[in-house]
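Asks: 3D, please:
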Amino acid sequence: MSSDLGAPVVPGQRGGGGGNNNAVPRGERRFVPDEVLTEFNANTSPQAIAQVARRFNLTQLESRRFDLIGSTFYRWRIGGRRSVPALVNALGNQSIVAAVQPNYLFALAEQTAPAVAIAHGDPAQYVLGKLEVERAHQIATGKGVLLAVIDSAIDGNHPDLGGSIVKNFDALGGKADPQLHGTEMAGAIAAHGKLLGIAPGAELLAARAFDNTPGKARGTSFDIFKSLQWAADNDARVINMSFAGPADPALHRMLTAAYEKDIVLVAAAGNDGPDAAPAYPAADADVIAVTATDADDKPFKMANRGKYVAVAAPGVEIVALAPDASYQITTGTSVAAAHVSGIAALLLQRDPSLKPADIRAILSATAKPFGTPGDAEFGAGVVDAFRAVMAPQIKTIGTAEAHQQATR
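Replies: Numbers count the residues shown, from 1 in each chain. From the prediction side, this is the model:
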């Protein structure tokens, strides 16, 4: 597991009767109010599990094996009026319970403007010039790189996304109308029509983990776990996570396992303001956390800040795809993260042997610094697609020399 940038590592909440280290953080309320997730010790019998369920008035909603971490998690509905924190504490002291936690809630945060009319090559798409995208495309387009987008439902029929989505997965089930946020992220990565994405040749794995509530879409821990497992099962090389929420012990384990399978993990730093606490999964040590900047390389005023931020990318007033063949202006660290995921795909086309740590090092070494010198709250600076794909392989010559050669 990587530890560069000093990003926080979430401790696992292990049970097994070993003390009360399962407590939900004081004041944390971002979880499904009547659900809990459990993992049982190996070889626990169904009868023992059923006995615990009866004792604590739990109704099983589903269970799922997650091969990434070699564990099965159960999702339960809590009967009666017992609170999630109280039940997590109680279950954590049961000898057969290996891990227990809330089913945390994550949000897709964005600021959108009314729909806009777009022409091919519209100058409003300033991100292309800012990141030197068209020069980068002379070298790589992300062709053939499998990139998973864990988000709300994507409009795969948008004319700018024709053929980009190669597989779909729905962690929620039910009706999945195309949503704005997922469509925006897919377009920022792979659009190839009136708008041009950072990696138009990438092959998208579309995982729906967020519901259909416009402007307030939410996703749960369990559905994100399912989406991560599906992405890994389908050989994703990059996973874009343009959402934010609380520290989640099981999600940390899933991300660590994905990182160890050489999957590049990218996430939005969050849009809760400069004084906000670190947002997850971005603040996980194995994730490339991305903040947002505007056309003048000024930080987005509502972006989270902190030492966990790796790099920045344009994310203010970005022209984006919207459902039903339309276009919209969006702002936030979500779309900034999608831009960085696209650059990761360019790098992997150029050299499929690159590891996640190599991708992070190249992005950081070739970024353009901004803000106060030595201020780590904004990461290494604004990424540059062309400088990144022109960098020599970090594994063989080292970060300093890569930086020198990329900036010549």
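Asks: Just confirm F66 contacts A232, I think it does.
Replies: No - with the criterion set as Cβ atoms under 8 Å, F66 and A232 do not qualify as a contacting pair; they are 9.4 Å apart. Bear in mind the C-beta positions are built from the backbone N, C-alpha and C, glycine included.
Asks: Validate this expectation: K167 resides in a strand.
Replies: Yes - according to DSSP: H, G, I helix; E, B strand; the rest coil, the state of K167 is that of a strand.
Asks: Just the local confidence number for it, please.
Replies: In this model, K167 is scored at 98, pLDDT.
Asks: show me the contacts for it.
Replies: Contact criterion Cβ atoms under 8 Å, 6 or more residues apart in numbering gives 205-206, 234 as the residues in contact with K167.
Asks: Who is it paired with across the strands?
Replies: In this structure, K167 has the following beta-bridge partners (DSSP bridges): L205.
Asks: Spatially nearest residue to K355 (excluding sequence neighbours)?
Replies: Ranked by Cβ to Cβ, 6 or more residues apart in numbering and with sequence neighbours excluded, the top spatial neighbour of K355 is D262, at 5.6 Å.
Asks: P102 reaches R29, doesn't it?
Replies: No - the pair P102 and R29 does not pass the contact test of Cβ under 8 Å, sitting 9.4 Å apart.
Asks: When these two are compared, which one has more neighbours?
Replies: Between P102 and R29, counted using other Cβ atoms under 10 Å, P102 has the larger neighbour count: 24 against 12.
Asks: quick one: what helix or strand has the more buried one in it?
Replies: If you go by DSSP states H and E, P102 is part of strand 97-107.
Asks: longest helix anywhere in this structure?
Replies: Determined from DSSP state H, the single longest helix within the chain is helix 333-350.
Asks: Next SSE downstream of that one?
Replies: Scanning onward from helix 333-350 (DSSP H and E), the first element met is helix 356-366.
Asks: Mind giving me the packing neighbours of that next one?
Replies: For helix 356-366, the helices and strands in contact under the criterion 3 or more Cβ pairs under 8 Å, 6 or more residues apart in numbering; DSSP states H and E are strand 264-268, strand 288-293, strand 309-314, helix 333-350, helix 385-390, helix 394-397, helix 399-406.
Asks: So which elements touch the second one?
Replies: In terms of contacts (3+ Cβ pairs under 8 Å, 6+ apart), strand 288-293 is packed against strand 264-268, strand 309-314, helix 333-350, helix 356-366.
Asks: Now that strand - C-alpha only, PDB.
Replies: Extracted in PDB, the C-alpha atoms of strand 288-293 (Å, rounded to 0.1, in the frame of the first residue of the first chain):
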ATOM      1  CA  ILE A 288      -5.100  10.100  -6.400                       C
ATOM      2  CA  ALA A 289      -7.200  13.000  -4.900                       C
ATOM      3  CA  VAL A 290      -8.000  15.800  -7.400                       C
ATOM      4  CA  THR A 291      -9.000  19.300  -6.600                       C
ATOM      5  CA  ALA A 292     -10.400  21.800  -9.100                       C
ATOM      6  CA  THR A 293      -9.200  25.000 -10.700                       C
END
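Asks: give me the element G182 is part of.
Replies: Using DSSP H and E, G182 falls in helix 180-190.
Asks: and the angle for that helix with strand 309-314?
Replies: Between the axes of helix 180-190 and strand 309-314, defined by axes from the mean of the first three to the mean of the last three Cα atoms, to 10 degrees, the angle is 90 degrees.
Asks: what's the angle from helix 180-190 to helix 333-350?
Replies: 30 degrees.
Asks: buried ones in helix 180-190?
Replies: With burial defined by 16 or more other Cβ atoms under 10 Å, the residues of helix 180-190 counted as buried are 180-190.
Asks: The residue nearest to K355: what secondary structure?
Replies: Three-state assignment for D262 (three-state DSSP): coil.
Asks: any weak-confidence spans in the stretch 1-150 of the chain?
Replies: Flagging of the stretch 1-150 of the chain using pLDDT under 70 yields the residue ranges 1-22, 109-115, 119-122.
Asks: where do the helices sit along it?
Replies: If DSSP state H, counting those that start in this stretch is used as the criterion, the helices of the stretch 1-150 of the chain fall at 46-55, 84-92, 127-130, 133-136.
Asks: buried set for the last one?
Replies: In this case it means helix 133-136. In helix 133-136, counting by 16+ other Cβ under 10 Å, buried: 133, 135-136.
Asks: how about TSV for these, with distance to V311 added?
Replies: What follows is the buried residues of helix 133-136, written out as TSV (distance: Cβ to Cβ, whole Å):
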residue	distance to V311
V133	16
R135	19
A136	16
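Asks: Tell me the one of those residues nearest D151?
Replies: Proximity to D151 was ranked across these by Cβ to Cβ; first place goes to V133, at 21.6 Å.
Asks: Could you measure from the nearest residue to the closest one once chain neighbours are set aside over to G27?
Replies: Ranked by Cβ to Cβ, 6+ apart and with sequence neighbours excluded, the top spatial neighbour of V133 is A385, at 5.1 Å. Applying Cβ to Cβ, to the nearest Å, the value for A385 to G27 is 40 Å.
Asks: For these two, indicate the residue with more neighbours.
Replies: Using other Cβ under 10 Å as the criterion, A385 and G27 rank with A385 on top: 30 against 5.
Asks: got a list of what the more buried one touches?
Replies: Here A385 is in contact with 131-133, 135-136, 198, 342-343, 346 (criterion: Cβ under 8 Å, 6+ apart).
Asks: Rounded mean pLDDT for stretch 268-288, please.
Replies: Stretch 268-288 shows an average pLDDT of 95 in the prediction.
Asks: And for stretch 293-302?
Replies: Stretch 293-302 carries an average pLDDT of 93.
Asks: now the end-to-end length of that stretch.
Replies: With Cα to Cα, to the nearest Å as the measure, stretch 293-302 spans 10 Å from end to end.
Asks: okay but V32 is in contact with Q101, surely?
Replies: No - because the distance of 11.3 Å does not satisfy Cβ under 8 Å, V32 is recorded as not touching Q101.
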